[in-house]
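1. give me a model of this one.
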Amino acid sequence: MRMDGGTAGRRDFLRRCATTAAVGAAGGGLAWWAYGRQRRPRPAGAVSLDDLAARFARPDLPGAPALVVARDTAIADARGGPIDPAVIERMLARALEPLGTMARFVPRGGSVLVKPNAAFAADPLSGAIADPRTIAAVVKSAFAAGAAEVLVADNPIAAPALVFDRSGIAAAVRAAGGRIVVPDERGFAPVRVTGATVLPDWPAFIAVLARVDAVIGIAPVKDHNLCGASLTMKNWYGLLGGNRSQFHQHIHEVICDLWRLVRPAAPLLVLDGTRVLMRNGPTGGSAADVVVRNTLAVGTDPVAIDAFGVTLLGRDPRAVKYLVDAEAAGFGTLEFARRMREV
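-> Okay, the predicted model is just below:
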């Protein structure tokens with residue numbers, strides 16, 4: 001099957017990529033993406049996701065802050081002990097209030113994709129992944145706002161099912177009523193990113209994007225040995241398939257290109273700063289690398305929210321090249337303090 005490259009063709013391809021039901025996986029309690037028994041036809045060339053801009057609603061937020069920061073000293077003790085999920089849920093609700101609550105971002109009766117940073121089969125206390133409790137809080141909030149289904153997906157470096165299970169993400173999502181989407185090669189297709197500076201036509205996990213009506217990204221705050229800081233913009237690396245490590249030599253440019261990829265979906269961004277991995281990122285080395293910050297930030301400006309995240313690492317946001325480049329490209333502002341509200 002060939003596609004003509006037009007709008008109708010792209011939409012038809014995206015609908016085909018999204019074919020459908022999830023079934024329970026034995027033993028792990030995971031929901032697996034079902035594409036049917038036969039391999040779906042691939043498009044003749046890369047597809048563009050620009051049409052997503054017409055399908056994803058952009059909340060009207062006149063006068064709203066670019067990011068909202070919530071803090072709570074009761075969230076964890078100084079040793080970084082277990083986080084009370086109820087505390088995180090309250091922090092999230094407080095942070096969303098100035099933005100009009102989660103209902104401004106989640107269409108009633110719609111489907112929501114939550115994309116956490118779940119790159120490794122890591123203990124959440126390591127700071128190397130988004131905390132399962134934070135992910136569960138977002139899932140619950142989406143359902144409370146009227147979502148019909150909430151899918152949680154990432155393409156981890158290690159075996160996906162293993163990562164979701166060992167990290168505790170699968171259990172937390174299941175308890176919150178959401179479903180884990182484990183990536184399958186049939187869910188990937190080559191994508192062309194409009195305006196990309198480095199990223200070529202490349203396989204991306206777009207089946208989940210084609211299915212949903214809203215997107216939420218959740219990222220921890222952590223050091224990164226290549227790009228300086230891994231935050232909400234770096235989180236979208238997890239949508240790439242193939243041998244994506246080859247892009248590390250141009251990582252700053254690729255991070256900006258990835259925002260170009262997801263920008264049409266107008267994602268809500270959640271920065272999990274409950275614990276911060278101060279050094280030896282992105283995987284961490286020991287408990288001594290982690291500092292409890294008791295902080296959660298929510299926003300729509302990726303540059304502002306990530307610039308704030310860099311300050312949680314005790315660093316200057318202007319020393320992070322991809323943030324400087326992203327501001328220059330018009331993705332947001334590094335002057336986050338002017339558009340930030342603390343609650």
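
2. now stretch 243-250 - C-alpha only, CSV.
-> C-alpha atoms of stretch 243-250 as CSV (Å, rounded to 0.1, in the frame of the first residue of the first chain):
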residue,chain,number,x,y,z
ASN,A,243,19.3,2.8,17.5
ARG,A,244,18.7,6.2,18.9
SER,A,245,22.0,6.3,20.8
GLN,A,246,23.6,7.4,17.6
PHE,A,247,22.1,10.9,18.1
HIS,A,248,24.0,11.4,21.3
GLN,A,249,26.7,13.3,19.5
HIS,A,250,24.1,15.9,18.6
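
3. would you mark the buried spots in that stretch?
-> Arg244, Phe247 (16 or more other Cβ atoms under 10 Å). (C-beta placed from N, C-alpha, C; glycine too.)

4. how close does the residue most central in space within the chain sit to Thr73?
-> With distances taken as Cα atoms, centre = their mean, Gly217 lies nearest the centre of the chain, 2.7 Å away. As judged by Cβ to Cβ, to the nearest Å, Gly217 and Thr73 stand 26 Å apart.

5. three-state assignment of Gly146?
-> Following DSSP: H, G, I helix; E, B strand; the rest coil, Gly146 is assigned to coil.

6. what about it, how many neighbours?
-> Applying other Cβ atoms under 10 Å, we find 14 residues neighbouring Gly146.

7. distance of it relative to Val181?
-> 21 Å.

8. return the helix or strand in this structure with minimum mean pLDDT.
-> strand 22-24 (a mean of 32; mean pLDDT, DSSP states H and E).

9. pLDDT below threshold where in this structure?
-> Residues of the chain meeting the criterion pLDDT under 70: 1-45, 75-82.

10. just the strands in it please.
-> 22-24, 31-33, 47-48, 67-71, 111-116, 149-153, 179-181, 188-192, 202-205, 214-224, 228-230, 268-277, 290-299, 340-342 (DSSP state E).

11. distance to Asp257 added to those, as TSV?
-> Shown next, in TSV, are the strands of the chain (distance: least, Cβ to Cβ, whole Å):
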stretch	distance to Asp257
strand 22-24	30
strand 31-33	25
strand 47-48	13
strand 67-71	23
strand 111-116	16
strand 149-153	20
strand 179-181	23
strand 188-192	11
strand 202-205	9
strand 214-224	16
strand 228-230	16
strand 268-277	17
strand 290-299	21
strand 340-342	26
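
12. with respect to Arg104, which of those lies nearest?
-> Closest approach to Arg104 among the strands of the chain (Cβ to Cβ): strand 268-277, 8.7 Å.
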